[in-house]
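Q: predicted model, plus sequence, below.
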Amino acid sequence: MKPFDFYLITDPHYFKSELGARGEEYDKFMRYEQKCFAETASINRAVFDYLKTADEADTLLIAGDLSFNGEMESHLEFIEMLRDLKKSGKRIFVITADHDFNEHPFAIDESGWLEPEGTPREKLFDLYYEFGFEDAIAVDRQHLSYVAQLTDGIRLLALNNDGADDGRRRFDDAQIAWIKEQTAKAREDGQMMIAMNHFPLLPGKPIFSIINTAIQMDSATVSPMLADEGVHLVFTGHMHNQSINMITTEAGNRFYDVCTGSTIADPSVIRHVHIENKSTVEVKTIPAPDFEWDTGGKTCKEYLSDLFDNMILNMLLDLRDNPYNVLRKVGAGDKEKLFPVVSKAGKILNKITVGKLCRLMWIKCDKSIRKMPLKDFAAQLVREAFEGNPSFTEGTPKGDVFITFLKRIHPFIKKVNVKTYTGEKADICELLKTSAGSYGIDDYNAVLTLE
């Protein structure tokens, strides 16, 4: 096989802005949003304009959640963009996911919440037929999955797990059988096979291992199965986080999950993947270009980073000023007895500095961060876990404070009985520590050894 290059993006969540993304209710909705809404068309157009002239590869993979929330008009407009990109010489392979079909999607304008025309799941095959299914060498129409020959010697296993049948977003027996049939054919034909699956097959960050919605259902068994079947590399999205993770199966086979940030949320990126041979793959990351919008002079990166921070800061403000809003988000809006406690905690969190917290908890604090508001510390901590290569690593001022804080609360946290996706008892403090700092593979640029 010859070396092969391709680009990859995930979660474009395209929204036709004319449907409605404005007004008082829109502003309320965006207080707790990580991803853009009104700006999605502008951001995606900028990314596609970049890809039209990007000449290091002629193939693009898109790993699901193509529309914002299943609006038919959003799909139709996005498909026209895909066709335009295809005319520039790019081959395009997509998968759809759970945000792509919805009988009751939403839009918002000055009059409040609207309900534009939705998209039934059964329409997706025809809608996106020319971007994967048309050129496939094998199709599993029931599961909206297919196999494509990317180049001589390399096949793509494009998988869909949108939970249409039971909402669990799992691989059922029929799909597992189909996957094994395709991997066996790839081995017989001497083909390298890589996969694309919307939901991560490995937790993007260790703390995600205890969040069911953050990873593919049954991934604890599916990931080693794929690796042992000869699929050592999968490209995923869904969580809007940037990460590269690896496991080794009991049989000694490596399995990498390259999760990529959404184009319309921080970090907005494009992956450039170079497959040198069956054993060596190089992953590079390209920042999304600036886009046409009134960003107040901010770059795309600055604009989306601020959006993420505002989401965290607004939640902290509402802890103080409107605890019902925050508790409602976690299903506890009816727990009125908690409102005063939550509000008091919110007042402290919004007022205290890192240095003051450290004095209260007998934690050594470097003078460079003593005056930093605790709320800003928290926002950066969470944002960097999603951005990838987080800086709260042991041996840094922020990392040492956070790790010591975890040690202080560990006697209480260890009593919480939570299990990871593999069924093991979770050490929450350890998961938080390794999610806040960089201790593994570089999340942006890395050379992966598959065999």
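A: That came through, no problem.

Q: run the chain-centre distance for the lowest-mean-pLDDT helix or strand in the chain.
A: Lowest on mean pLDDT, DSSP states H and E among the helices and strands of the chain sits helix 323-329, with a mean of 85. In terms of C-alpha atoms, centre = their mean, to the nearest Å, the centre of helix 323-329 is found 24 Å from the chain centre.

Q: do stretch 405-422 as well
A: Mean-position distance between stretch 405-422 and its chain equals 25 Å (C-alpha atoms, centre = their mean).

Q: list the buried ones in it?
A: For stretch 405-422, the neighbour count (16 or more other C-beta atoms under 10 Å) marks 405-406, 420-421 as buried. Using the backbone N, CA and C atoms, a C-beta is placed for each residue, glycine as well.

Q: and for it, what's in contact with it?
A: Contact with stretch 405-422 is made by 203, 209-210, 212, 215, 219-220, 357, 361-363, 425-429, 432-433, as judged by C-beta atoms under 8 Å, 6 or more residues apart in numbering.

Q: what about that stretch, average pLDDT?
A: Average pLDDT, stretch 405-422: 90.

Q: what is the linear distance spanned by that stretch between its boundary residues?
A: End-to-end span of stretch 405-422 (C-alpha to C-alpha, to the nearest Å): 27 Å.

Q: next one: stretch 407-425
A: The straight-line separation of the ends of stretch 407-425 (C-alpha to C-alpha) is 18 Å.

Q: same question for stretch 81-99.
A: 18 Å.

Q: what comes up buried for that stretch?
A: Buried residues in stretch 81-99, counting neighbours by 16+ other C-beta under 10 Å, are found at 81-82, 85, 90-99.

Q: now stretch 292-307
A: By 16+ other C-beta under 10 Å, the buried positions in stretch 292-307 come out as 293, 295, 300-301, 303-307.

Q: now stretch 19-39
A: Here stretch 19-39 shows 19-21, 23, 25-26, 30, 34-37, 39 as buried, counting by 16+ other C-beta under 10 Å.

Q: likewise stretch 205-219?
A: The neighbour-count check on stretch 205-219 (16+ other C-beta under 10 Å) flags 205-210, 214-219 as buried.

Q: mind listing which of these are in helices?
A: Under the assignment DSSP state H, these contribute residue 219 to helices.

Q: what's the closest of the buried residues of stretch 205-219 to residue 68?
A: The nearest member of these to residue 68, counting by C-beta to C-beta, is residue 214 at 20.2 Å.

Q: so who does that closest one touch?
A: Contacts for residue 214 (C-beta under 8 Å, 6+ apart) come out as 200, 203-204, 208, 238-239.

Q: among those, who's most crowded?
A: Highest neighbour count within the contacts of residue 214, by other C-beta atoms under 10 Å: residue 204, with 29 neighbours.

Q: in the stretch 251-400 of the chain, which spans are helices?
A: Ranges of helices in the stretch 251-400 of the chain, per DSSP state H, counting those that start in this stretch, are 300-321, 323-329, 339-351, 354-360, 374-387, 397-413.

Q: residue 91 bridge partners, please.
A: residue 59 (DSSP bridges).

Q: so it sits against residue 60, correct?
A: Yes - here residue 91 lies in contact with residue 60, judged by C-beta atoms under 8 Å, at a distance of 7.2 Å.

Q: buried sites along stretch 131-143?
A: Under the neighbour-count criterion of 16+ other C-beta under 10 Å, stretch 131-143 has 131-133, 136, 139-140, 143 buried.

Q: can those residues go into TSV with extra columns for pLDDT and distance to residue 230?
A: Below are those laid out as TSV (pLDDT from 0 to 100; distance: C-beta to C-beta, whole Å):
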residue	pLDDT	distance to residue 230
131	98	26
132	98	21
133	98	23
136	98	19
139	98	20
140	96	18
143	94	20
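
Q: of the residues you listed, closest to residue 278?
A: For the buried residues of stretch 131-143, the nearest to residue 278 is residue 136 (21.9 Å; C-beta to C-beta).

Q: between the buried residues of stretch 405-422, which is nearest residue 261?
A: Closest to residue 261, out of all of those and judged by C-beta to C-beta, is residue 421, at 21.1 Å.

Q: am I right that that closest one is in a strand?
A: No - using DSSP: H, G, I helix; E, B strand; the rest coil, the assignment for residue 421 is coil, not a strand.

Q: now it. Its backbone dihedrals?
A: For residue 421, the backbone dihedrals (degrees, to the nearest 10) come out as phi -70, psi -20.

Q: residue 104 sits in which helix or strand?
A: Following DSSP states H and E, one finds residue 104 outside all helices and strands.

Q: wait, doesn't it sit right on residue 118?
A: Yes - here residue 104 reaches residue 118: they are 5.8 Å apart, a contact under C-beta under 8 Å.

Q: compare these two (neighbour count), which wins?
A: residue 118 (18 against 10).
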